[in-house]
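Visitor: Here you go, sequence then predicted model.
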Amino acid sequence: MSEIPEEVKIFLVEAYENLDQVEQDLVDLEKAPSDSELINSVFRAIHTIKGNSGFLAFNKLEELCHKGETLLDQLRNGTKQFSPQITNVLLAMIDAIRTILESVEGTGQEGDSDTSEVVTNLSALIDS
């Protein structure tokens, strides 16, 4: 295994920090589902991970975050309302992101985890 580049190490630290914040914000959103500050915070964190993933050519991670970002944008602009179902799908997305990050941390690559179910569930919520 080759050494993981410094920019990837920095990405991993920031991504894990963002995911920790997202998880806390999602818990808080269950108590205050219309809190726009919390929704914006989650959106920004996922947007940041998505952008950095694209820059580093982590395409699977970028696609997953893009779907999550689209759903979160619908929550931000009011076309969707926060619900337990949305919470569950977003938490599944966070778990899938963490799995990919763990692979990147261990091997420098995204690995072969299957994110298709989470992407499908995100897409279904976006299109509903």
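Guide: Happy to help now that I have it. Numbers count the residues shown, from 1 in each chain.
Visitor: From here on, just use CA atoms for contacts and neighbour counts.
Guide: Will do.
Visitor: Just the helices from this protein, written as ranges.
Guide: Assigned by DSSP state H, the helices in the chain fall at 6-31, 36-55, 59-77, 84-107, 116-127.
Visitor: So residue 118 is in contact with residue 92, correct?
Guide: Yes: if you go by Cα atoms under 8 Å, residue 118 and residue 92 touch, sitting 6.6 Å apart.
Visitor: between these two, which one's more packed in?
Guide: Neighbours per residue, other Cα atoms under 10 Å: of residue 118 and residue 92, the larger number sits with residue 118, 21 against 18.
Visitor: Pull the contacting residues for that one.
Guide: Applying Cα atoms under 8 Å, 6 or more residues apart in numbering to residue 118 gives the contacts 64, 89, 92-93, 96.
Visitor: Could you find the closest non-adjacent residue to residue 25?
Guide: Using Cα to Cα, 6 or more residues apart in numbering and skipping residues adjacent in sequence, the residue nearest residue 25 is residue 38, 5.8 Å away.
Visitor: Can you tell me how far residue 22 is from residue 69?
Guide: Remark: distance between residue 22 and residue 69 (Cα to Cα, to the nearest Å) = 12 Å.
Visitor: Verify the stated contact: residue 104 with residue 110.
Guide: Yes: using Cα under 8 Å, residue 104 makes contact with residue 110 at a distance of 5.2 Å.
Visitor: Quick check: which ranges of the protein have low pLDDT?
Guide: Within the chain, the segments meeting pLDDT under 70 span 1-2.
Visitor: Surely residue 80 touches residue 74?
Guide: Yes: assessed by Cα under 8 Å, residue 80 is found in contact with residue 74 at 5.4 Å.
Visitor: Ignoring the adjacent residues along the chain, who's closest to residue 39?
Guide: According to Cα to Cα, 6+ apart, the nearest residue to residue 39 is residue 76 (6.3 Å).
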